[in-house]
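Novice: I need the structure of the sequence given here:
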Amino acid sequence: MTTGKKITGIYPDNLNFPDSIIPKTSQISDLQKNLLNSGALDLVDHKDPFGRSCKAYAGFKNPHDDTIQQIAQKIYDQKAALPDNWDHVNYAQRTVVDGSLIGPGQTTRKLTDIEIRDIKFVEGAIKDIAFLSNRQSGMCVTEFTDSNSMWTVMGNTAYYGNDVALPTSPSSPGGIAIPGLAGYMSMVSSFSSLANVLANVPSTASGPCKFIESAMGALMKAGGILGQILSKVLQVAGILALAVAVIGLAKMLIDIIKEDIRYLGNILEKLLQAALAGLLGELAKDPCMAYLLTAGIATATTLKTLDLI
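Specialist: Numbering: from 1, shown residues only. So this is what the prediction gives:
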């Protein structure tokens, strides 16, 4: 009989683990141990350039962060000078804006609905590329109750039209959720390994890592566009002039986002197919399941592939 320590609480408890017990340990590599001990994978509070909070990995960074930060600051400065209700949904209650705040050569007037939408589209596109690139780089790993809640332009078809509808897939008919870094990298790496041994797998890039590049355009392709946007916004004065100068580039960012999401959906479907292919190979060895496949649900082509006929 062991003598235990008295544990305080509602009910006294004399049960205690003997000091002679040796706890079980996990078998991990030195690399894993070093990463865990380094703090690189510690979760820290992070705010994106627009002030939105998210949990992030301490040892990672978004390569676009500095550029987006400068763009966001320029947009903020331009908007901060505008009077209250400059964008009121009711035109009658919308505030008149000084022409110098609208852009060069502009008269003092109210902004139109289309102009306001363009201004918000530009800012929203930058916010959306910031969110997606943060997901892809480990700077936003928070799992949200609503997986689409962080989008600003994407999915807002009521305001911006069907061109910004969230891509869907058979497995994600409500919109493809963007995973955190661990899920993203795991899926992309698995897909790349699979795609390199299959025929006719589409990609939007070339080279030995084309499937990874195709899946992570927000990181791999958006930098040049963001650089052009920054160059332009630093040269213009006026909120509408800013929007007009870069709206074409902002639309290119939205195209990158849509392509990334569509490609992610294709990855998920292909990995599900690969998992099913492996399962069917094992099921074909089970006499009961083989009978079900042969007599019921599989086509002749599938049965031949499984060596069941």
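Novice: count of neighbours near residue 173?
Specialist: When neighbours are counted by other CB atoms under 10 Å, residue 173 registers 8. (Glycine included, C-beta is placed from N, CA and C.)
Novice: how near is it to residue 265?
Specialist: In this view, residue 173 and residue 265 are 10 Å apart by CB to CB, to the nearest Å.
Novice: could you do residue 186 as well?
Specialist: Residue 186 sits at a distance of 16 Å from residue 265 (criterion: CB to CB).
Novice: residue 159 too?
Specialist: Distance, residue 159 to residue 265, by CB to CB: 24 Å.
Novice: looking at these two, which is more packed in?
Specialist: Using other CB under 10 Å as the criterion, residue 159 and residue 265 rank with residue 265 on top: 19 against 11.
Novice: ok, for that one, nearest residue in space, not its chain neighbours?
Specialist: Of all residues not flanking residue 265 in the chain, residue 169 sits nearest, at 3.5 Å (CB to CB, 6 or more residues apart in numbering).
Novice: let me see the contact set for the one you found.
Specialist: 176, 265, 266, 268, 269 (CB atoms under 8 Å, 6 or more residues apart in numbering).
Novice: so what's the backbone phi/psi at it?
Specialist: phi -150, psi 170 (degrees, to the nearest 10).
Novice: with the one 4 residues further on instead?
Specialist: When quoted as degrees, to the nearest 10, the phi and psi of residue 173 stand at phi -70, psi -20.
Novice: also residue 172?
Specialist: Per-residue torsions, residue 172: phi -140, psi 70 (degrees, to the nearest 10).
Novice: ok, residue 56 next?
Specialist: phi -140, psi 160.
Novice: likewise for the one 10 residues further on?
Specialist: Summarising the backbone geometry of residue 66 under the convention degrees, to the nearest 10, its torsions are phi -60, psi -40.
Novice: do you know the pLDDT at it?
Specialist: You'll see residue 66 listed with a pLDDT of 97.
Novice: any idea how far it lies from residue 73?
Specialist: To residue 73, residue 66 is 11 Å away according to CB to CB.
Novice: repeat for residue 43
Specialist: Counting by CB to CB, the gap from residue 43 to residue 73 is 27 Å.
Novice: likewise residue 218?
Specialist: Noted for residue 218: a distance of 21 Å to residue 73, by CB to CB.
Novice: who's more crowded, the two?
Specialist: residue 218 (27 against 12).
Novice: I'd say the more buried one and residue 132 touch.
Specialist: Yes: Residue 218 is within contact range of residue 132, at 4.2 Å (criterion: CB atoms under 8 Å).
Novice: please identify every residue contacting each of the two.
Specialist: 257, 260.
Novice: right, and the helix or strand after the helix or strand in which residue 124 is found?
Specialist: Residue 124 is part of helix 113-137 when elements are defined by DSSP states H and E. Using DSSP H and E, the next helix or strand after helix 113-137 towards the C-terminus is helix 157-160.
Novice: and that following helix, C-alpha only, in PDB?
Specialist: The C-alpha trace of helix 157-160 is given here as PDB (Å, rounded to 0.1, in the frame of the first residue of the first chain):
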ATOM      1  CA  THR A 157     -21.200  39.100 -54.300                       C
ATOM      2  CA  ALA A 158     -24.100  41.300 -53.200                       C
ATOM      3  CA  TYR A 159     -21.800  44.400 -53.300                       C
ATOM      4  CA  TYR A 160     -19.100  43.500 -55.800                       C
END
